[in-house]
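Asks: No sequence on hand, only this structure:
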């Protein structure tokens, strides 16, 4: 049996989804990480990594095969080949539009996290690095 590399890791949450109203969400960054937001307002879009806290249970973390729910076709799919919230590490990723920054709070559009979801990290969206113009996806995901 092969030995696993880094069998565990520590994640420090840097904030939380405070509230969602319509298509806008407010993310509150904890005071000790607020300084890390310096310059974020220069970007129109951000990548938000968050913890899907309602799926952080043993049953959902053992799920490896799912039928993706947002598609008309029922295709049994591995969780690494879809966006299922049930997965070994319930980490969500979402590209959002930054509406405004007020101190340690970010108002964003397009966040697919739930209220009270812990924030793992924030990265700037850089089109030349993050957009892949000719990316291929399976037909069922169209």
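Replies: Noted; the coordinates are in hand. Because the structure is predicted, anything quoted here is derived from the model rather than measured.
Asks: Give the buried residues for the strand ranked longest in the chain.
Replies: When the chain is parsed with DSSP state E, its longest strand is strand 91-102. The neighbour-count check on strand 91-102 (16 or more other CB atoms under 10 Å) flags 91, 92, 94, 95, 96, 97, 98, 101 as buried. Backbone N, C-alpha and C define where each C-beta goes, glycine included.
Asks: Tell me who's in contact with the first one.
Replies: Shown in contact with residue 91 (CB atoms under 8 Å, 6 or more residues apart in numbering): 49, 50, 51, 52, 120.
Asks: Out of these, the closest to residue 75 would be?
Replies: Closest approach between the contacts of residue 91 and residue 75, by CB to CB: residue 52, at 21.9 Å.
Asks: That closest one contacts residue 88, correct?
Replies: No. Counting by CB atoms under 8 Å, residue 52 does not reach residue 88; the two are 11.8 Å apart.
Asks: Who does the most centrally placed residue in the chain form a beta bridge with?
Replies: Nearest residue to the geometric centre of the chain (CA atoms, centre = their mean): residue 93, 2.2 Å. Beta bridges link residue 93 to residue 49, judged by DSSP bridges.
Asks: ok, it to residue 35 distance?
Replies: Plainly put, residue 93 is 24 Å away from residue 35 if you go by CB to CB, to the nearest Å.
Asks: on that earlier part again, so can I have TSV of the contacts of residue 91 showing neighbour count, pLDDT and distance to residue 27?
Replies: Compiled in TSV, these are given as follows (neighbours: other CB atoms under 10 Å; pLDDT from 0 to 100; distance: CB to CB, whole Å):
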residue	neighbour count	pLDDT	distance to residue 27
49	16	98	11
50	25	98	9
51	19	97	13
52	20	96	15
120	17	98	12
